[in-house]
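pasting a predicted model and its sequence here:
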Protein chains: 2
Amino acid sequence: MPQDRSALVPVLHNIATQLRIDSVKATTAAGSGHPTTCCSAADIVATLFCAEMRFDPKRPQYSRNDRFILSKGHGAPVLYAAWAAVGFLDRKDLLTLRELTSDIEGHPTPRLPFVDVATGSLGQGLCAGVGIALNARRIGSGYRTYALLGDGESAEGSVWEAADAGAYQKLDNLCGIIDVNRLGQSRPTMWQHDMDALAARWKAFGWHPIVVDGHDIGALLDAFAEARATKGRPSMILARTLKGKGISFIEDKDGWHGKPLKKGEEADRALAELEAQYVDVAPDAIASLVAAIPKPEEVSEKAPARPDVPPPDYKLGDVVATREAYGTALARLGKLDDRIVALDADVKNSTFSDRFEKQFPDRFYQCFIAEQVMVGAAMGLASRGAIAFPSTFACFLSRAYDFIRMAAISGVPVKLAGSHAGVSIGEDGPSQMALEDLAMMRAQPNFTVLYPCDAVSAERLVELAAYHPGAAYIRTSRPKTPVIYEPGESFRIGGSKVLRQSASDAATVVAAGVTVFEALNAYDQLRAEGTFIRVIDAYSVQPIDADTLVAAGRQTGGRIITVEDHYVAGGLGDAVAEAVAAAGLTVRRLGVTEIPRSGKPEELMERYGISAASIVAAVKAG
Amino acid sequence: MPQDRSALVPVLHNIATQLRIDSVKATTAAGSGHPTTCCSAADIVATLFCAEMRFDPKRPQYSRNDRFILSKGHGAPVLYAAWAAVGFLDRKDLLTLRELTSDIEGHPTPRLPFVDVATGSLGQGLCAGVGIALNARRIGSGYRTYALLGDGESAEGSVWEAADAGAYQKLDNLCGIIDVNRLGQSRPTMWQHDMDALAARWKAFGWHPIVVDGHDIGALLDAFAEARATKGRPSMILARTLKGKGISFIEDKDGWHGKPLKKGEEADRALAELEAQYVDVAPDAIASLVAAIPKPEEVSEKAPARPDVPPPDYKLGDVVATREAYGTALARLGKLDDRIVALDADVKNSTFSDRFEKQFPDRFYQCFIAEQVMVGAAMGLASRGAIAFPSTFACFLSRAYDFIRMAAISGVPVKLAGSHAGVSIGEDGPSQMALEDLAMMRAQPNFTVLYPCDAVSAERLVELAAYHPGAAYIRTSRPKTPVIYEPGESFRIGGSKVLRQSASDAATVVAAGVTVFEALNAYDQLRAEGTFIRVIDAYSVQPIDADTLVAAGRQTGGRIITVEDHYVAGGLGDAVAEAVAAAGLTVRRLGVTEIPRSGKPEELMERYGISAASIVAAVKAG
């Protein structure tokens, strides 16, 4: 890197100009995209990639590289152009932007190895950045994490959750940059270019704000140096920019969000203007600068091994809530594998994740009552090799559903855990009951959804989730339930357990979680009257054990009854119905069909038709 | 009200003491609940209800009353006690707290007429407060809106979205109060009693912060007066309090969140301490104070009428996106009914809600990129008689799913509209595609879910949603589609349209939105080969037209194929499957089954198996 600032700045300027040109060409070729948002960010990105970040451009996933998150994901073309500038992408591939066969997508996804988490839903990048910065501590690395946000996206509350979390954790290895280009999609932003107002907000949230002209490369270099030198808190660089910078007829003009320049005269004029902005530098100046990008320390990395996990420590008949077993399992796994981390939203004493905290306080991240950053930070951690378990009441995961959606798109193997599922929580009432979480999680096609009924299966399913290569959700319950599985019992993703069966079963009852015990109770009542039913514990709700369900349905006169502590739409019943449809089998679904009330757990299960009595009635209805 | 401050304060103190006693008694009787959080808030609530708010205690729903939202919903007992103190509830009913047969639930819901929106999921009350304060402007009332928050809940990003929205709208009729009791559920909060840090945050977000001792009633009276006198921006009273205030052995102690005092010695001791805190006042002082609560102005209120809406203005074959028809419909309805309001998250030029804004700027609320406050404010508006349409890209409604969940619990008739559904948006890629929105919305049992395929049905469904007494969701699409319905065609919630049928149909194809045209295309292809299919437009996804579907299934050899631009789990296919299951019919579901990519709309529909070709193949598969 040129030591001399006066030599460095023109080179970076030319790289930024190249980024603008590449962004215009790619979006014009695609016929869609956001060139103006790329142009405002080009100087920032060029400076970051070629004069600030420490990374190996040939190995974007190397664990010690500085990380960059393009939170303003619609600026994707400038990100792709940057990776072309440092030699990882071929510049001609940039012109495949948005084509079906190209990984150069409309918004960045981890199909590209330099993308840790997908962006494009605004307000998520800084949350992931918190997790990625925490991960540096976890692995003992000095890598720094940079997140580039748009100014419009600062309106998202999740950004302020990340602000709190970053300040609370004193993440001085985290540096945000806001591309304050003044213009949103449909109108100017709330603050436009009021840089003082923006700085006051970040300062009040405990960050070190740095206001800078985002097109002054020298000032940007100083700002990054200042951020790097700031200890004890994260920095936020507020870069005043112009949307469409460099193209006279669209620069700082409203109405140009998400519009490519038209092929032909319009694009040609823009490109000619940009080309004219190159300044004279030595012929190999850019190549030399790229070659001089500082590389991080080399560490030998061994592939992590899955530990042998001893069986859970329960006896048949012990009475333990699955949420409690979750906490116990987390602490046990944490001892065997230091990749395990846990995140909480101030309910650790209800989810029992405090058991993990007590043993591993350094790998426990308190996010307070802010579920979006809890899940977003977990996504960041998971994207960098941690096995991250964010947990809260299952109903409050709905607060983070957009993050969960983006986790699915990202393919990051986050392990969500939601406690207090369903009406069986009782007196606290509907606001605390998760009755749509199975629908939420099942909708994501690459999510595994697990729902244990007892402590043994809970511990085993936590372990299965931990070492599953994809994202998983574990649903636990508030009430204490008896242990029905031997400690050595084996479970698998996609499996189920047939708990009761005979050659003369009148129907198959498929249950999960607390309703397993209602089904067993119904079995006892019916047996006393001479009727037998098959009872299946569908602990793996997604994927579901289609073979076992179809066989059971066929062996029980085609009668399948599902019973779940969840609203009917999108839950266990739908999962079973889809699994058996091809076999011509239909399902009678018992589930909650109205907004519930406060009451005692058993009263509520009775009232909302998911108790043993309801199952008995459904079986008898024939 | 006593003019004399020295006479007023002791009376309010006694009322606060009564609120504490009632809260302890109720939670002890219930055996669960949050007495300590009631005790910290008691002085604030007593002062608000008996010396600040202007309302008619006998008519809690009266449109000109000042409004109070208990955002910290777990403090419900103190709210119920306050309504007992002002004579609306019978004090003995407080002891039915959390019983199945009682509306005095664990957290407040609008089953009680003094509750506008259900709370208990933290961070939502101030968002609703923004909407309720906006509603005062809409109806030309001087009523004020008060929202009481917990300090822990200030970590929720939605609170800061509400802060921005309140400041942007200059809502000086909105007054927040934070009960800064220092202790969260599982540990101290992030800021504990650092009142300066809290004040700096609200100031930076454009509010007028007022720091006060939350147990000093005189100071509280002054703070409310200062807030009332503050013009041009909302005020936030930051009240330093002690959790469990008044009960020596739990006051300001960790570990007492959500714990009732045990019946017997523990509760008796607490009650004795509280009783001892009554001070001498005139025998009728409390009754006089309550009787003197200032009443709002009387206005004559006429029941709003549903206007006659003329048919939409399209011709068969016109090519119009349903999202555009949504905007047109909104503007047309807005002209006929001034209760119609619209809210945007900076995508008005994509959802076409800008058509409404252009005509009715005073009833259009720009929320910028902050979907939680957009939906939360819409809930507030809807709870006070507005017909509120918040709209954004359907995928970004996932950001507000916890609000949507609480809207369902509240029963507020909010009208959500989501555009850009499915892979048919094309090149922007998966982050911008809603593929789980039907699952999200259908899971809520009291939500109506509508999904038009053309401009005529879109306009008619917007009208149906507007005048439906419950909550509704309208899903619209990005691509332009041909108008297939005559302007005079009628639609109904729970209806469907059979578009093609014959006596020899080989299968029923159920589609909605963009897939209707794929189904019609498949019909043409199959007919050319001599095969006929029945094609149904299931524009009402919830409730769904079970009778028509069952009849069609029976008439087409029991073969039903669904096709939807949505993930398979929880969408149209599951809705149809559930509807026909009782008739013994099963469904073959075509939908998106993996994370999609960027690409052209038609390429993506082909690749993910929801095009005409996929339908033809499914029909032929037999």
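Sure thing, it's come through. Residues are numbered from 1 along each chain as shown, chains lettered A, B, ... in the order given.

poorly predicted segments of chain A, please.
Scanning chain A for pLDDT under 70 picks out A:1-3.

and the residue of it that's closest to chain B?
Taking Cβ to the nearest Cβ as the measure, the point where chain A comes nearest chain B is A:Gly157, at 2.3 Å. Every residue, glycine included, has its C-beta placed from N, CA and C.

just give the closest residue to that residue, not the sequence neighbours.
Nearest non-adjacent residue to A:Gly157, counting by Cβ to Cβ, 6 or more residues apart in numbering or on different chains: B:Gly157, 2.3 Å away.

what does A:Ala163 give?
A:Ala163 sits nearest to A:Phe205 (Cβ to Cβ, 6+ apart), 4.1 Å away.

quick check: that neighbour vs A:His193, distance?
Separation of A:Phe205 from A:His193 (Cβ to Cβ, to the nearest Å) stands at 20 Å.

for A:Glu564, phi and psi?
For A:Glu564, the backbone dihedrals (degrees, to the nearest 10) come out as phi -150, psi 150.

same question for the one 3 residues further on.
In terms of degrees, to the nearest 10, the main-chain angles of A:Tyr567 are phi -60, psi 160.

cool, A:Phe205 as well?
phi -90, psi 10.

up against chain B, what does the stretch 151-300 of chain A have?
A:152-153, A:155-161, A:164, A:168, A:184-187, A:189-190, A:197, A:200-201, A:203-206 (Cβ under 8 Å from any Cβ of the partner chain).

and what of the stretch 451-600 of chain A?
Going by Cβ under 8 Å from any Cβ, the residues of the stretch 451-600 of chain A near chain B are A:542, A:567-571, A:573-575, A:577-578, A:580-582, A:584-589, A:592-595, A:597-600.

out of those residues, which sit inside strands?
Residues of these located in strands (DSSP state E): A:542, A:567, A:587-589, A:592.

could you work out the most separated pair of those?
Largest separation among these by Cβ to Cβ: A:Gln542 and A:Arg588, giving 20.5 Å.

more neighbours: which of the two?
Applying other Cβ atoms under 10 Å in any protein chain shown to A:Gln542 and A:Arg588 shows that A:Gln542 carries more neighbours, namely 25 against 18.

and the nearest residue to the more buried one once chain neighbours are set aside, what does it touch?
Of all residues not flanking A:Gln542 in the chain, A:Val449 sits nearest, at 3.9 Å (Cβ to Cβ, 6+ apart). Applying Cβ atoms under 8 Å, 6 or more residues apart in numbering or on different chains, we find A:Val449 in contact with A:438, A:441-442, A:472-473, A:475, A:540-542.

would you confirm that A:Thr37 contacts A:Lys243?
Yes. Contact status for A:Thr37 versus A:Lys243: in contact at 6.5 Å, counting by Cβ atoms under 8 Å.

which neighbours do the two share?
A:181, A:257.

sorry, back to before: can you pull the contacts of the residue nearest to A:Gly157?
A:156-161, A:370, A:372-373, B:123, B:372.

go on, A:Ala458?
Taking Cβ under 8 Å, 6+ apart as the criterion, A:Ala458 is in contact with A:322, A:325-326, A:329, A:452, A:474, A:476.

show me those that map onto strands.
A:Ile474.

could you dump the contacts of A:Ala458 into JSON lines with distance to B:Glu52 added?
Formatted as JSON lines, the contacts of A:Ala458 follow (distance: Cβ to Cβ, whole Å):
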{"residue": "A:Thr322", "distance to B:Glu52": "46"}
{"residue": "A:Ala325", "distance to B:Glu52": "49"}
{"residue": "A:Tyr326", "distance to B:Glu52": "45"}
{"residue": "A:Ala329", "distance to B:Glu52": "50"}
{"residue": "A:Pro452", "distance to B:Glu52": "50"}
{"residue": "A:Ile474", "distance to B:Glu52": "46"}
{"residue": "A:Thr476", "distance to B:Glu52": "43"}
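
from the contacts of A:Ala458, pick the one nearest A:Glu251.
For the contacts of A:Ala458, the nearest to A:Glu251 is A:Ile474 (50.7 Å; Cβ to Cβ).

the closest residue to the closest one other than its chain neighbours pairs with what?
The shortest distance from A:Ile474 to any non-neighbouring residue, by Cβ to Cβ, 6+ apart, is to A:Ala417 (4.6 Å). A:Ala417 forms beta bridges with A:Ser391, A:Ile474, as assigned by DSSP bridges.

got a list of what A:Ala417 touches?
A:326, A:351, A:353, A:389-391, A:462, A:473-474, A:476.

repeat that with 10 Å
A:323, A:326-327, A:329-330, A:342-343, A:351-353, A:389-392, A:394, A:397, A:450, A:458, A:461-462, A:465, A:472-476 (Cβ atoms under 10 Å, 6 or more residues apart in numbering or on different chains).

and A:Val456, what element?
Element membership for A:Val456, per DSSP states H and E: helix A:455-467.

off-centre distance for that helix?
Distance of helix A:455-467 from its chain centroid, counting by Cα atoms, centre = their mean, to the nearest Å, is 21 Å.

now stretch A:224-233
The chain centre lies 28 Å from the centre of stretch A:224-233; the measure is Cα atoms, centre = their mean.

before we move on, what about stretch A:544-563?
On Cα atoms, centre = their mean, the centre of stretch A:544-563 falls 34 Å from the chain's centre.

got the CA coordinates for that stretch in CSV?
What follows is stretch A:544-563, C-alpha atoms only, in CSV (Å, rounded to 0.1, in the frame of the first residue of the first chain):
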residue,chain,number,x,y,z
ILE,A,544,-42.0,-35.7,9.1
ASP,A,545,-41.9,-39.5,9.1
ALA,A,546,-44.2,-40.1,6.1
ASP,A,547,-43.5,-43.8,5.9
THR,A,548,-44.6,-44.5,9.5
LEU,A,549,-47.6,-42.3,9.2
VAL,A,550,-48.8,-43.8,5.9
ALA,A,551,-48.3,-47.4,7.2
ALA,A,552,-50.2,-46.5,10.4
GLY,A,553,-53.0,-44.9,8.5
ARG,A,554,-53.4,-47.9,6.3
GLN,A,555,-53.4,-50.3,9.2
THR,A,556,-56.0,-48.3,11.2
GLY,A,557,-58.8,-48.1,8.6
GLY,A,558,-57.5,-44.9,7.0
ARG,A,559,-58.3,-43.0,10.1
ILE,A,560,-55.7,-40.5,11.2
ILE,A,561,-56.3,-37.9,13.9
THR,A,562,-53.8,-35.2,14.7
VAL,A,563,-53.8,-33.3,18.0
